[in-house]
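Participant: sequence plus the predicted model coming up.
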Amino acid sequence: MPDDDKSPISARQAKALFADWKHAPGLVLAVSGGPDSIALMWLAARWRKALSRGPRLLATTVDHGLRPEAAREAREVKRLARHLGIPHRTVRWSGEKPKSGVPAAARAARYRLLANLARQSGASHILTAHTRDDQAETLLMRLLRGSGIGGLSAMARESEREGVLIARPFLAVPKSQLIATLQKAGIGYADDPTNRDVRFTRPRIRAVIEDLRAEGGDARNLARLALRLARANAAIEILADGAARYLALKDQVTVSPRATGGGPPNADFEATAFAELPEEIRLRLLLRAIDRIGHEGPAELGKAEALLAALDRALQGGAKKKTSALSAAVRQPKLKQTLAGAIVSLSGGRIVISAAPPRRRPPD
């Protein structure tokens, strides 16, 4: 993309933005009616029209039932979709809404509804209009929450959610370019006042980025940082894969069926070999096993860090106490903790992760 943040996106540039999904069977376009998603629909329609063969497009608007204007905005999107020759569906988030945490609950509902529609329509991807500005805001929000490297990588160009692939073609595109594209085409869009409501986190973070701009902390540099962290995170994941293969090759980690014969398998690590790995690698292997075997995941990073620290203390304490063969046998380090529906135990020189029994529901 050009460095001019106010230049409209040309047909040639749009072709490059959507090229990765040229051979997809179908694409669900998430279109709320705001400038970003309207630009997504407009550019995707032009791109698809220029192809002799390409994916089926389905524009979809989620009405969360939170604003009275939402139904009218959905009708406006449908009208534009019809003009562009794209079928349109409106899906609604029904049922009682939460009293707090509304943005997160609405986002989860939106992805769930979009994923259901994608499966029903045979689409392989959901395309969203997340921009470079959104990427910068996500990075800063996660930074303030103390996220690890994986979280600070922010949003990926393509990821999986609800069993469907989420694609974000505009992650390197500033919002101003999308607005310039619509202005040139003479296309209107809705203005959601919640985007400026400082009761919610993202509008407040947006204001912080404006203050950081003078110090070089603009959306371009923050998004660049997220990209670099994603690159580092991918490298660490490869190292974690290698560590897992190394332990398996040395017959120091096993995955065996549960004694009951059902449910996920247990993970079994030789504790000494596991302890020799770098801390970040140990943490990732532990998280992988807990998330795979536990039934209440994903595990929180902070809690997994505390559990790993407890394991390390137990192993170090056990090593100091080994003064003889007899004491080594009697004083083997032991630990047993539960996290995210998984039991992590240290005994007999091995770390075993197994599924925890389901929690008992309190009586009515």
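Facilitator: Thanks, I have it.

Participant: surely Gly148 touches Leu301?
Facilitator: Yes. At 5.3 Å, Gly148 counts as touching Leu301 under the criterion of C-beta atoms under 8 Å. Glycine gets a C-beta too; all of them are placed from N, C-alpha and C.

Participant: looking at these two, which is more packed in?
Facilitator: More neighbours surround Gly148 than the other of Gly148 and Leu301, with 19 against 16 (other C-beta atoms under 10 Å).

Participant: in the stretch 1-150 of the chain, where is pLDDT below threshold?
Facilitator: 1-4 (pLDDT under 70).

Participant: quick one, strands of it?
Facilitator: Secondary structure of the stretch 1-150 of the chain (DSSP state E, counting those that start in this stretch): strands at 26-30, 56-63, 88-92, 125-127.

Participant: so which of these is nearest Asn116?
Facilitator: Of all the strands of the stretch 1-150 of the chain, it is strand 88-92 that lies closest to Asn116, at 7.9 Å by C-beta to C-beta.

Participant: how does this protein divide into domains?
Facilitator: The domain map for the chain lists 11-233, 250-355, with the assignment taken from automatic domain parsing.

Participant: now those domains as a markdown table including distance to Ala244?
Facilitator: Formatted as a markdown table, the domains of the chain follow (distance: least, C-beta to C-beta, whole Å):
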| stretch | distance to Ala244 |
| --- | --- |
| domain 11-233 | 16 |
| domain 250-355 | 6 |
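
Participant: compare the ones you listed and give me the one nearest Leu239.
Facilitator: Nearest of the domains of the chain (C-beta to C-beta): domain 250-355, 6.0 Å.

Participant: and the nearest residue in space to Pro55 that is not next to it in sequence, how many neighbours?
Facilitator: Closest residue to Pro55 apart from its sequence neighbours, by C-beta to C-beta, 6 or more residues apart in numbering: Ala24 at 4.3 Å. Applying other C-beta under 10 Å, we find 17 residues neighbouring Ala24.

Participant: any idea how far Ala24 is from Thr181?
Facilitator: Per C-beta to C-beta, to the nearest Å, Ala24 is found 23 Å from Thr181.

Participant: now swap in Arg161 and tell me
Facilitator: Distance, Arg161 to Thr181, using C-beta to C-beta: 27 Å.

Participant: now mean neighbour count and distance to Ile205 too, for the strands of the stretch 1-150 of the chain, in TSV please.
Facilitator: Listed next are those as TSV, based on neighbours: other C-beta atoms under 10 Å; distance: least, C-beta to C-beta, whole Å:
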stretch	mean neighbour count	distance to Ile205
strand 26-30	23	21
strand 56-63	22	23
strand 88-92	18	28
strand 125-127	24	24
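
Participant: for those strands, which one sits closest to Arg245?
Facilitator: That would be strand 125-127 among these, by C-beta to C-beta, at 30.8 Å.

Participant: quick one: strands adjacent to that closest one?
Facilitator: Strand 125-127 pairs in its sheet with strand 26-30 (parallel), strand 164-167 (parallel), by DSSP bridges.

Participant: show the subsequent helix or strand relative to the shortest one.
Facilitator: If I follow you right, that is strand 164-167. Proceeding N to C from strand 164-167, the next assigned helix or strand is helix 175-185, under DSSP states H and E.

Participant: counting by contacts, list what that following helix packs against.
Facilitator: Counting contacts by 3 or more C-beta pairs under 8 Å, 6 or more residues apart in numbering; DSSP states H and E, helix 175-185 packs against helix 35-49, helix 132-144.

Participant: just how off-centre is the longest one within its chain?
Facilitator: Same thing as helix 35-49. Here helix 35-49 is found 24 Å from its chain centre; the criterion is C-alpha atoms, centre = their mean, to the nearest Å.

Participant: CA atoms of that helix as CSV?
Facilitator: In CSV, the C-alpha atoms belonging to helix 35-49 read as follows (Å, rounded to 0.1, in the frame of the first residue of the first chain):
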residue,chain,number,x,y,z
PRO,A,35,-17.0,3.1,6.8
ASP,A,36,-14.5,0.3,7.1
SER,A,37,-17.0,-2.6,6.4
ILE,A,38,-18.8,-0.7,3.7
ALA,A,39,-15.4,-0.2,2.0
LEU,A,40,-14.8,-3.9,2.4
MET,A,41,-18.0,-4.7,0.6
TRP,A,42,-17.5,-2.1,-2.1
LEU,A,43,-13.9,-3.2,-2.9
ALA,A,44,-14.7,-6.9,-2.6
ALA,A,45,-17.6,-6.5,-5.1
ARG,A,46,-15.3,-4.7,-7.6
TRP,A,47,-12.6,-7.3,-7.2
ARG,A,48,-15.0,-10.3,-7.6
LYS,A,49,-16.6,-8.7,-10.7
